[in-house]
Structures are given as C-alpha cells and as structure tokens.
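A.B. asks: Just the structure for this:
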Amino acid sequence: MILIKLLRFYEMILFFRIILSWVSPDPYNPIVRFLYSFTEPVLAPVRKLIPPLGGMLDLSPMIVFFVIELIIQVLA
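C.D. replies: Now for the predicted structure:
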C-alpha cells in the first residue's frame, strides 16, 4: 500500500534527523533544513505534550515512531 510506504519513508527521514541531532550540523545546509522542516510539524505538538526530560532527552521522536508503527499495523 502506498500509505505504508510513505510512512516508512517518513520514518527514514525522522531517523536521519535523530542521527543529525547527535552532531552539530550546519543549520544552513539545505539537507538539514529539509529534514527539520519536514519533521518539525509532527514533532512540535508531541513536544508540547511531553517536554524533554531533564531539558535534554527528547522522547518525541520515539513517540512518533511508535505511533507510525501502530498506524502501519492497523493498515496492514
């Protein structure tokens, strides 16, 4: 199904953003800007519900991954 492939693609983009968060990427790099602009609209509302633990550990990507996997399981 196309929707499942799109969700898997979004998971890959989210994964690359997580990897980039471990280093200091150039915020003006077009790839970094794309990753942030594509994932931030989904991550920001989750961050409002569950703020980062201790101000540093952001659980929002894990929650989004979990929700995407639930949606895929329902669709499959």
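A.B. asks: Which strand or helix spans the residue nearest to the spatial centre of the chain?
C.D. replies: By Cα atoms, centre = their mean, the mean C-alpha position of the chain lies nearest to Leu14, the distance being 3.5 Å. Using DSSP states H and E, Leu14 sits in helix 2-21.
A.B. asks: Pull the residues that contact the helix or strand just after that helix.
C.D. replies: Going down the chain from helix 2-21, the next helix or strand is helix 30-49, by DSSP H and E. Residues outside helix 30-49 that contact it (Cβ atoms under 8 Å, 6 or more residues apart in numbering) are 10, 13-14, 16-17, 20, 25-27, 58, 60-61, 63-64. Heads up, the C-betas are built off the backbone N, CA and C, glycines and all.
A.B. asks: C-terminal to helix 30-49, what's the next element?
C.D. replies: helix 60-75.
A.B. asks: Give me the distance from that following helix to the chain's centre.
C.D. replies: From the chain centre to the centre of helix 60-75 is a distance of 11 Å (Cα atoms, centre = their mean, to the nearest Å).
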